[in-house]
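Peer 1: this one's structure only:
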């Protein structure tokens, strides 16, 4: 947009009126916004999420049933799990919104405890959260200009505080870190800190995270094609320069079978699972694992969600 003020023509750039003599400044401002405001941003806790999801999601050794239904404006979820002894235990939960306040999770557990997770957005890009289970944490998440920051305070015992930040330095590249701080007790002070970065380009995703700079965890994900994806997780430290935590993959090219996943861990455990939609909105998960060739260590799991 353009405007004329006192005979001087100006150009509007990113909410600012720029004099033609300052065209270089306008170009630099445009470059700044394009570099520091990528299309996607994330929380630091999600910086290695694509790799961890492929290597960890859907694998189970339990028998469970999860059903969701609507009760008017309220969504109700019932989760039932069978223990090795054969007993059944259920969790009942719901979520809804009222007057701008989101009750993201209200759950009653079989041991008599309850879970509450709520959130509200007081302004664009900002979300305030409250989570209560065995403790009570008040949190905040704020996203602006390609930067996502979080903070969480233990408001029940006032014993700890944590914060994190993640910056999208360019499209596909994120850099961030987190910090934990003990507010009371003999261990008052910094309890831990982490640094990490991720890179995504085309079919490749890579992440590096480090806890207290003592070791580095590297995650790699490569999409060979639309059906096949491969992932690995390795740990590197002075004690163990190269340690493979897990290598796995997923394949969805067999429509009649569903999604097949398999992985091998550093502990010698081989795991595999299958996820298939057996009816509209009804998913079946079959999972199994075995240590080496020892059949006595075989474990299986079955999950149905609807």
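Peer 2: Great, that's in hand. Remember, predicted model here, so these are calculated numbers, not experimental data.
Peer 1: count of residues packed around the nearest residue to residue 91 once chain neighbours are set aside?
Peer 2: In this structure, residue 91 finds its nearest non-sequential neighbour in residue 79, 4.5 Å apart by Cβ to Cβ, 6 or more residues apart in numbering. Quick note: C-beta positions are derived from backbone N, CA and C, even for glycine. Residues lying near residue 79 (other Cβ atoms under 10 Å) number 18.
Peer 1: kindly report the same for the one 5 residues further on.
Peer 2: Taking other Cβ under 10 Å as the neighbour definition, residue 84 ends up with a count of 9.
Peer 1: what kind of secondary structure is it in?
Peer 2: What DSSP: H, G, I helix; E, B strand; the rest coil gives for residue 84 is coil.
Peer 1: flag every buried residue along whatever helix or strand residue 65 lives in.
Peer 2: In this structure, residue 65 is located in strand 63-71 according to DSSP states H and E. Judged by neighbour count (16 or more other Cβ atoms under 10 Å), strand 63-71 contains these buried residues: 63, 65-66.
Peer 1: likewise for stretch 111-125?
Peer 2: So stretch 111-125, judged by 16+ other Cβ under 10 Å, has buried residues 117-119.
Peer 1: name the residues that touch that stretch?
Peer 2: Stretch 111-125 has contacts (Cβ atoms under 8 Å, 6 or more residues apart in numbering) with 93, 100-109, 127-134, 142-144.
Peer 1: sorry, back to before: the strand holding residue 65: partners in the sheet, and parallel or antiparallel?
Peer 2: strand 74-82 (antiparallel), strand 294-305 (parallel) (DSSP bridges).
Peer 1: residues touching that strand, excluding its own?
Peer 2: Residues outside strand 63-71 that contact it (Cβ under 8 Å, 6+ apart) are 75-82, 94, 301-306.
Peer 1: what does stretch 183-196 give?
Peer 2: Residues from elsewhere that reach stretch 183-196, judged by Cβ under 8 Å, 6+ apart: 44, 47-48, 154, 157-161, 175-182, 207-213.
Peer 1: which of these fall within helices?
Peer 2: Counting by DSSP state H, no part of the contacts of stretch 183-196 is found in helices.
Peer 1: which of these are buried?
Peer 2: Buried members of the contacts of stretch 183-196, scored by 16+ other Cβ under 10 Å, are 44, 47-48, 154, 160-161, 175-179, 182, 207-210.
Peer 1: closest one to residue 167 out of these, please.
Peer 2: Nearest to residue 167 among the buried ones among the contacts of stretch 183-196 is residue 175, at 5.4 Å by Cβ to Cβ.
Peer 1: touching, that closest one and residue 148? I think so.
Peer 2: No: in this structure residue 175 lies outside contact range of residue 148 using Cβ atoms under 8 Å: 11.6 Å.
Peer 1: any shared contact partners between these two?
Peer 2: residue 166.
Peer 1: centroid residue for the protein?
Peer 2: residue 46 (3.9 Å; Cα atoms, centre = their mean).
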